[in-house]
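Asks: Got a predicted structure plus its sequence, pasted below:
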Amino acid sequence: MTDVRITRCPRCLAEDISADAHPSRRLVGGMPATFFVCRECFRPAELEFQISCEGANIPYARLPIRESLRLLRGFYLDRQRDTPDDPRVTAALSEVERRLLIGPVERASRLDA
Ligand SMILES: [Zn+2]
């Protein structure tokens, strides 16, 4: 028997992001660090990161799409280890892997498109 472990969005503490995560960043000790938020929190989290970068004189750049996908793959692989029977995680992981394969020919697409 497997307990489905819920991974809550660290920003709103409400949404379950186990199978729908979005990699954003925040400054931790003055260094950019990845953290995964829900769909709703993604834009505000990026904006907050941008503002804190400006405040700390750190150049802000959007995360490249392939880097985002690689981070997501790592995230879902961890979730899959935790809950190997969760079909949502398996589906999310295969979607990320599909997008990584087609990545080089993908137009400047948005991660949350
Ligand atoms: Zn959230």
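Replies: Good, I have the coordinates.
Asks: hey, let's count contacts and neighbours off CA atoms from now on
Replies: Will do.
Asks: So residue 77 lies in a helix, does it not?
Replies: Yes: judged by DSSP: H, G, I helix; E, B strand; the rest coil, residue 77 forms part of a helix.
Asks: Spell out which parts of the protein neighbour the ion.
Replies: Contact residues, the chain versus the ion (Cα under 5 Å from the ion): 9, 11, 12, 38, 41.
Asks: which stretches of this protein have low pLDDT?
Replies: For the chain, the stretches with pLDDT under 70 are 1-4, 103-113.
Asks: Spell out, range by range, the strands that occur in it.
Replies: Remark: strands assigned in the chain by DSSP state E are 22-28, 31-37.
Asks: Helices of this structure, start to end?
Replies: Along the chain, counting by DSSP state H, helices occupy 39-55, 65-82, 87-102.
Asks: Would you mind getting the angle between the first one and strand 31-37?
Replies: Orientation of helix 39-55 against strand 31-37 (axes from the mean of the first three to the mean of the last three Cα atoms, to 10 degrees) gives an angle of 170 degrees.
Asks: Tell me what angle helix 39-55 forms with strand 22-28.
Replies: Put simply, helix 39-55 runs at 30 degrees to strand 22-28, going by the same axes, to 10 degrees.
Asks: Name the residues of helix 39-55 that are buried.
Replies: Across helix 39-55, burial judged by 16 or more other Cα atoms under 10 Å covers 39, 41, 42, 45, 46, 48, 49, 50, 52, 53.
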